[in-house]
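# Mind folding the following:
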Amino acid sequence: MLGLFVAGIGVANLFPLTVALALGAAPGQSNEAGARLTFASGTAILAAPLLLGALADAAGIRLAYGVVPIFILGALIASRLGRRLSQEPAMDLVPR
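Here you go, the predicted model:
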């Protein structure tokens with residue numbers, strides 16, 4: 001029970017930190033950033049257990065838990081790519 005408490009204390013800071021980072025990354029668009037973050041986190045909270053449970057039923061619990069690190073790696077790569085794309089200057093599609 002103590003381990004669960006300690007894990008909860010460690011994880012409790014992740015959502016407020018993520019909200020702060022999302023709002024800081026979109027200056028002047030805090031409403032849109034907050035809405036997108038809330039939608040994405042709600043979708044993940046709803047879908048992830050259902051999908052992992054279905055995968056565990058179909059292929060086994062070991063494979064279902066083995067997919068989680070792959071998804072985390074994909075999320076990290078997408079985050080890095082998004083950060084890199086947001087820092088590049090926009091191209092002019094129409095020559096002047």
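
# List the residues that contact the residue nearest in space to the middle of the chain.
Nearest to the mean C-alpha position of the chain, counting by C-alpha atoms, centre = their mean, stands residue 75 at 6.3 Å. With contact set as C-beta atoms under 8 Å, 6 or more residues apart in numbering, residue 75 has no partners. C-beta coordinates here come from the backbone N, C-alpha and C atoms, glycine included.

# Phi first, then psi, for it.
Main-chain dihedrals, residue 75, degrees, to the nearest 10: phi -70, psi -40.

# Against residue 29, how distant is it?
22 Å (C-beta to C-beta, to the nearest Å).

# likewise residue 77?
24 Å.

# Residue 39 now?
15 Å.

# Same check on residue 59?
Residue 59 is 41 Å from residue 29, by C-beta to C-beta.

# Pull out the buried positions in whatever helix or strand residue 21 lives in.
Under the criterion of DSSP states H and E, residue 21 resides in helix 14-25. Within helix 14-25, the residues scored as buried using 16 or more other C-beta atoms under 10 Å are 19, 22.

# other SSEs contacting it?
Under the contact criterion of 3 or more C-beta pairs under 8 Å, 6 or more residues apart in numbering; DSSP states H and E, helix 14-25 touches helix 30-59.

# Return the set of buried residues in the helix it packs on.
33, 37, 52, 55.

# for those residues, which one is nearest residue 83?
residue 33 (14.1 Å; C-beta to C-beta).

# Isn't the closest one up against residue 21?
No - here residue 33 does not reach residue 21: they are 9.5 Å apart, not a contact under C-beta atoms under 8 Å.

# so what's residue 55 closest to, chain neighbours aside?
residue 64 (4.4 Å; C-beta to C-beta, 6 or more residues apart in numbering).
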